[in-house]
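A.B. asks: need a 3D model of the sequence below.
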Amino acid sequence: MDKIIRTGVCSYGMSGQIFHVPFIHVHPGFEFTAVVERSKHLAQEKYPNVKVYTSVEDMLQDKSLDLIVINTPNYTHFDYVKAALEAGKNVIVEKPFTVTTAEGEALIALAKSKGLFMSVFQNRRYDSDFKITRQVVQSGQLGDILEAEIHYDRFKEELSYKKHKEVGGPGTGSLYDLGAHIIDQALLLFGMPQQLWADIRIIRKDSIVDDYFELVLFYEHLRVRLKCSYLVREPMPSYQIHGRIGSFIKTKADIQETMLQRGLMPGSLDWGVEGQHEWGLLHTEKDGKIIKQYLPSPKGNYLEYYDEVYNALVKGADNPVPAAESLRIITVIEAAFKSSKEGKVVQL
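C.D. replies: The predicted structure follows:
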């Protein structure tokens, strides 16, 4: 590699252990150099050469670091990204980018003024299920898209062991958490809507944060529904796309998270390959002939994100997820809360 990107990770919880460090570790262009762990030294058990700091502030003083991964609770993103940029570090920040659009705009301006790289880790762009859905939509095989529905459902009455997700306050709840993924996917597929309507609720017995939402995004000739519930025992298809000449139906099936939780490293045999029983159904027509077939998905691979980050930092390639793209998600989230509170359609 032309250059090694020495990387510090701000937390070694699930996000660090599962979604970031394995990819940083196996990528030849990155070095897992430093991590913040306030009491435990779990990272050193698996990665003996990593430096351990007890605070983000201390880690930011490490002059050897080129890149900081901000993977701390949502409400801390603004302060930690700002501190990292002011310390002269390039930044990857977990979704959601920030809690408010004002915070996001301030960080974008700061990064620009410092000439620093800032990208948002929207990893679900690199899931196998979304990859095939995006391919089908872009292929034109469905004709003009008229209706789409994207689900991200779970079945879990009990509260999360991650206390910061259940205490309420800025940036908590299902819309900021899972909604940030499927809003991003809708915007990638169809662009920004003109209007939206939202219903955001609390449905678990002991919850104080939203754990159910339905958003309807209004486009000129298209309606997109985004839905999430924590109490769906039998899930609906995750992607239902209907066009003038055809439909595509797809389950949520990316297996990378399961493989990572089993301790497998990216690049292992059959990494990110869906089982045939999860293939998406394409039902359309071509040249007057009805086509009904199951389509294999491309491999899911979050390592592609780090490939693109490396090429952006070292070779001047495009940022894979510019902060301005993820700022649109926060704009939609803020409008959704306004719509749900006021019970009306909101202009964007």
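
A.B. asks: show the contacting residues for the one residue sitting closest to the centre of the chain.
C.D. replies: Centre of the chain computed as the mean C-alpha position; nearest residue by CA atoms, centre = their mean is residue 122, 3.1 Å away. Applying CB atoms under 8 Å, 6 or more residues apart in numbering, we find residue 122 in contact with 95, 180-181, 184, 321, 325-326. For the C-beta atoms, the positions are set from N, CA and C on the backbone; glycine is no exception.

A.B. asks: hmm, try it at 10 Å
C.D. replies: Each residue near residue 122 by CB atoms under 10 Å, 6 or more residues apart in numbering is listed here: 94-97, 180-181, 183-185, 188, 305, 320-321, 325-326, 329.

A.B. asks: again, but for residue 126
C.D. replies: Residues near residue 126 by CB under 10 Å, 6+ apart: 254, 256, 272, 298-306, 308, 320.

A.B. asks: go with 8 Å
C.D. replies: Residue 126 makes contact with 300-302, 304-305, according to CB under 8 Å, 6+ apart.

A.B. asks: returning to that earlier point: now a PyMOL select for only the buried ones of the contacts of residue 122.
C.D. replies: The following PyMOL line selects those of the contacts of residue 122 that are buried, judged by 16 or more other CB atoms under 10 Å:
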select buried, resi 94+95+96+97+180+181+183+184+185+305+320+321+325+326+329
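
A.B. asks: just give me the closest of the contacts of residue 122 to residue 336.
C.D. replies: Of all those, residue 183 has the smallest distance to residue 336: 8.5 Å, by CB to CB.

A.B. asks: contact partners for the closest one?
C.D. replies: Applying CB under 8 Å, 6+ apart to residue 183 gives the contacts 215, 226, 329, 332-333.

A.B. asks: looking at the residues you listed, which are in helices?
C.D. replies: Assigned to helices by DSSP state H, the following of the contacts of residue 183 qualify: 329, 332-333.

A.B. asks: and the helices in this structure?
C.D. replies: Listed in chain order, the helices of the chain (DSSP H) span 14, 21-26, 42-46, 56-59, 77-86, 101-114, 128-139, 174-177, 179-190, 256-261, 303-315, 323-342.

A.B. asks: and the first one, what does it pack against?
C.D. replies: For helix 14, the contact count by 3 or more CB pairs under 8 Å, 6 or more residues apart in numbering; DSSP states H and E identifies no helix or strand as a packing neighbour.

A.B. asks: how about residues contacting that helix?
C.D. replies: residue 162.

A.B. asks: strands of the stretch 201-348 of the chain, start to end?
C.D. replies: 212-218, 223-229, 239-243, 247-250, 280-286, 289-295, 346-347 (DSSP state E, counting those that start in this stretch).

A.B. asks: and the ones you listed as JSON lines, adding mean neighbour count?
C.D. replies: What follows is those, written out as JSON lines (neighbours: other CB atoms under 10 Å):
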{"stretch": "strand 212-218", "mean neighbour count": "21"}
{"stretch": "strand 223-229", "mean neighbour count": "21"}
{"stretch": "strand 239-243", "mean neighbour count": "21"}
{"stretch": "strand 247-250", "mean neighbour count": "22"}
{"stretch": "strand 280-286", "mean neighbour count": "17"}
{"stretch": "strand 289-295", "mean neighbour count": "11"}
{"stretch": "strand 346-347", "mean neighbour count": "14"}
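
A.B. asks: thanks a lot, catch you later.
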